[in-house]
Structures are given as C-alpha cells and as structure tokens.
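Enquirer: next come a sequence and a model predicted from it.
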Amino acid sequence: MLDSEVRQSLLQWLGQERFRDDQETLVTHSYDATPMLQSLPDAVVYPETTAEVQSILRLANEHRIPIVPRGAASNLCGGTVPVQGGIVVAMSRMNKLLELDTVNLTATVQPGLNTKKFHQEVERRGLFYPPDPSSMVISTLGGNIMEGAGGLRGLKYGTTKDYVIGLEAVLPSGEMIRTGGKLYKDVAGYDLTKLLVGSEGTLALITEATLKLLPAPGVRQTMLVAFADIYGAARSVSRIVGARIIPATLEIMDQATIRVVEDYNHIGLPTDVQAILLIEQDGQELEHVKKDMNDIKNICAAEGATDIRMAQDEVEAEQLMMARRSALSTLARISPTTILEDATVPRSAIADMILAINRIAEKYRVNICTFGHAGDGNLHPTCTTDARNEEEIHRVEEAFAEIFEEAISLGGTITGEHGVGTVKAPYLEWKVGNAGIDVMKGIKQVFDPAGIMNPGKIFAKSSRKRLVISK
Ligand SMILES: Cc1cc2nc3c(=O)[nH]c(=O)nc-3n(C[C@H](O)[C@H](O)[C@H](O)COP(=O)(O)OP(=O)(O)OC[C@H]3O[C@@H](n4cnc5c(N)ncnc54)[C@H](O)[C@@H]3O)c2cc1C
C-alpha cells in the first residue's frame, strides 16, 4: 500500500479518475500477455502530460517506490508485471500523433499511440512505417520502442530501433532529456536514443518519440510455398537472400503450426507438408517485384517445393499474412496455457534449430509448434501446455532452457525481439557474459541510482546454470 502522503499527493494532482487503487484496477494491472506471472501493484496512474510524468517520478524516487511503465501490456517477457508492487504508469492517455512531417519524413508521437492506428495514419499520406509486430492491433508505439520490437518486415526494413531517431524521456529524478531529433545524422556524444530503445522501462519513461518514415512501396505481391522437407524450405531461405533478393517478408511455419492454423482459419493451407514459407515482396515498380517473385519461385521449385501459390489479389494476400500473424492466438485456442519464446539463430542455422526444437520437445514430452521470421532467423517455438500441471510445466521450463542453449551454441541469442523482462533474466548472462552484465548494471546505476524503474526486470538475482547438451 502506498504511504498516505504519497497517495494524497497523487490524488490531488491527478484526480480520482486518473489515480486508481481499487481492487479491480490493481488486479487488471497485475499481469500482461506472459503466462503464469502475476503481482499486484499498489496503484495505477494515467498521466496526460510530460509534466505530470515528471512529478510522479520525482515523488516515487524520493520515496523509493517502484515505477512500472505500461503500454498495452502485450509483451511476452513479464515486462509490465509489478513484481515488486509500486505504481503502474499507464500511458493510454498519452496517445496522440503530434506531427506528421512530410518534408523531413518523420512522425512525432506520444508513446500510448496504438501501432496499427499509427500505420493507418501514415499510410493515408502515402508514407510507410515498416515495423509491424504481429501484435500491432493492440500494442503501443511506446511498448514497441521499449522492447525494440521486430515484426514480419524485419529482414528487408529492420526493426523498431532503426526508425527511432529522437526521444523525450523522463528520468527517475524527474528531469527530462531530449535525445536525437528530426535528424538522420547526429553524432553528438553517446547515442542515448539507441541506448533507451529496448531498455524495457528500466532506465527512463518515454513521453515522446520521433520516428523515421519511408515513402510507401507502390506494389506488393504475396506467395505461399509448401515443402515436404524442412531443409528444402531452409535452403530456399538462404538461396533467396544469397541471390541478392531481400523479400519484404519471409516467414516460416512448421507442420504442427500449419495444422492448427488451418484447422481454425480454413484457408486451404497444405497440412501434410513439413513447412511452408510465406513470402512477400514490395517495391515501387511492378516489373521489379514480379522479377523477384519469379526468381524466388524458381529457387523454391529447385529446392523441392511441392506447392507454390501466388495470391491473386489483396484479399487473398491479406488472408495469407493474417494466417501467419494469428499463429500465436490460434495456438492459444488449443490448450489453457501457451508459452511462446523467440530463440534466434543466424539464417543459415534455421533448419538445424527447428529440428533441434523438435528433438528437445520429444525428449521432454512437450508439444512445441514453431513458426517465425525465417529471413532473420527469429523463430518462435511455442509450447501449448497447462499451467495447472506443475510436473509438465517443469518439463516445459527444462525444454526451453535447452532450446536457449542450443540457440546460443548455433551462434544465436535468447531473444530476438520480445525482450528479457523477468522471464529471460536468468539467461541473460549466457548471452552477454559477466562483464556484459556489469556494464549494463553500471548504465542502470547512472540513470536510476535508487533502482525504482521497473525493478526485477532484465537483471536476475541469480543466473541459471548452463546445461551441457549431449548430442
Ligand atoms: C499475439 C502477440 C504477437 C506478438 N508479436 C510480436 C512480434 O511480431 N514482434 C515483436 O517484437 N513482439 C511481438 N509481441 C510482443 C509485444 O507485443 C511487443 O513486445 C510490443 O512491442 C509490446 O507493446 P505494448 O504496448 O504492449 O508494451 P507493454 O507490454 O505495455 O510494455 C513493454 C515494455 O515497455 C515498457 N514501456 C511501455 N511503455 C513505456 C514508456 N512509455 N516508457 C518506458 N517504458 C515503457 C514496459 O515497462 C515494458 O517493459 C507479440 C505479443 C503478442 C501477445
């Protein structure tokens, strides 16, 4: 419970509508999209201005109260679970598109703006903001920025970090800093913009962002390719990029995922194959896009594709892409608990990684479906399970630990786009080493000496012991 003096100050500044500590509000802000994690905050506040955020943080800092910034809470790493209680700062009221600058090709936004809504506004002006996490219908730009979110277009266009060029951030002391700006070139000192992107609310609270935009590609074509052999799919991915073709989207779904997605969506996906690739190319000239798609088709055919289907119109293209975007929510229908991870490997190791995941799933007797962004090696092994079955959950945890170990041994990482939060914190040292953790802790100390910003995230009390994998 908050100290009564603190409670009174917040109530006075924000009013009853924007300061809440009733049980219903606390419970609905005690969890996020991550399964099996819940912890009550002491209060939830809804600021509307940067000045309000400054006052809230200054007060919390003085009283050493944890601050948990929150967008749409769609993260999958326990990033917005108030594991040490404190004040959840919900950014839903700071949700404006402040400026769309069609000369500098930038947008200035508040962090609570919904990602999909932003895409639509930008596209209405013939412009393009590529980062497209599958959760964009619900996620906010602030959450995307703080997780360094990726998406289906990461291979060709990069991820959120490549589009954030300026930030307004409030430090725990209540001071406000501005980094970058409407600038494509800026080397004045350390790059604080890039440092804050992906910092998961552990350093500062973002109150405004300047994002880079591109001209919208005029043409888009979409294709679905089926493979009886998963290695054929993986080799096609490498050969497509090796042929100097960078598709806008290059996604993979394994058989287990295809079957569930088809069962739900009924769009005619082939369920007897080992893998499908969903490929999209875009560009300004139809002829160039057609040529790329034709070359891709030839590569896939040479690698043993059993079925190649080109979407005939926008509706079919959208249907195919939705099948992929809805993979997680569709899988969530088949069991009470769905645990999704994002082990990432170099593109050349995708087939080995998928086969390793299948082998590990069999070893631990758990059901894992795999889909993901094949073009950038970012896979989402997803376990359908039941949190009430403690013995099975223990096996799931062991299986995922082995999957992370495998990813690292193939030159990959424990998370490609979902962040560390609480869930991956025990594994961070596996990826960055002791010295890496020390540097990160040093940075945290400079920004947040009292440790109030999203405590319990990124840094674990103790690291998990590495496994020794015998093959
Ligand atoms: C179905 C589904 C599909 C998904 N697909 C993808 C995908 O394709 N790619 C991908 O990268 N991720 C994906 N995700 C994960 C998630 O959606 C993303 O991480 C998204 O970026 C989170 O946005 P959010 O607004 O929900 O942020 P939240 O979950 O609310 O917050 C995320 C983190 O940012 C911090 N934060 C939020 N706002 C601020 C702020 N203003 N200042 C400081 N810190 C802040 C929070 O404290 C937290 O640590 C998916 C999730 C789901 C449920």
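Expert: Sure, I can see it. Numbers count the residues shown, from 1 in each chain.
Enquirer: let me see the contact set for the closest residue to residue 255 other than its chain neighbours.
Expert: Spatial nearest neighbour of residue 255, chain neighbours left out: residue 274 (5.4 Å); criterion: C-beta to C-beta, 6 or more residues apart in numbering. Backbone N, C-alpha and C define where each C-beta goes, glycine included. Contact analysis of residue 274 by C-beta atoms under 8 Å, 6 or more residues apart in numbering lists 227-230, 233, 254-255.
Enquirer: check residue 142 too.
Expert: 69, 71, 91, 110-113, 206, 209.
Enquirer: what's the pLDDT at the residue nearest to residue 255?
Expert: Looking at residue 274, its pLDDT stands at 92.
Enquirer: just the helices in the stretch 301-450 of the chain please.
Expert: In the stretch 301-450 of the chain, the helices defined using DSSP state H, counting those that start in this stretch lie at 314-325, 327-331, 350-363, 390-409, 428-447.
Enquirer: how deep is residue 266 tucked in, by neighbour count?
Expert: 8 (other C-beta atoms under 10 Å).
Enquirer: go on, residue 429?
Expert: The burial count for residue 429: 18, using other C-beta under 10 Å.
Enquirer: do the same with residue 317
Expert: 19.
Enquirer: follow-up on the earlier one: relative to residue 28, which of the helices of the stretch 301-450 of the chain is closest?
Expert: For these, proximity to residue 28 was assessed by C-beta to C-beta; helix 327-331 is nearest, at 19.8 Å.
Enquirer: that closest one: how far from the chain's middle?
Expert: Mean-position distance between helix 327-331 and its chain equals 15 Å (C-alpha atoms, centre = their mean, to the nearest Å).
Enquirer: buried residues in that helix?
Expert: Buried residues in helix 327-331, counted by 16 or more other C-beta atoms under 10 Å: 327-328, 330-331.
Enquirer: quick one: contacts of that helix?
Expert: Counting by C-beta under 8 Å, 6+ apart, 134, 253, 257, 260-261, 264-265, 338, 340, 369, 371, 380, 382, 384 sit against helix 327-331.
Enquirer: what subset of those is buried?
Expert: Buried residues within the contacts of helix 327-331, counting neighbours by 16+ other C-beta under 10 Å: 134, 253, 257, 260-261, 264-265, 338, 340, 369, 371, 380, 382, 384.
Enquirer: and the ligand, which of the residues you listed contact it?
Expert: The subset of the buried ones among the contacts of helix 327-331 within reach of the ligand, by C-beta under 6 Å from any ligand atom, is residue 134.
Enquirer: of the buried ones among the contacts of helix 327-331, closest to the ligand?
Expert: Of all the buried ones among the contacts of helix 327-331, residue 134 has the smallest distance to the ligand: 3.5 Å, by C-beta to the nearest ligand atom.
Enquirer: returning to what we had before: reformat the buried residues of helix 327-331 as CSV; add distance to residue 321 and pLDDT.
Expert: Listed next are the buried residues of helix 327-331 as CSV, based on distance: C-beta to C-beta, whole Å; pLDDT from 0 to 100:
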residue, distance to residue 321, pLDDT
327, 11, 86
328, 14, 85
330, 14, 88
331, 17, 87
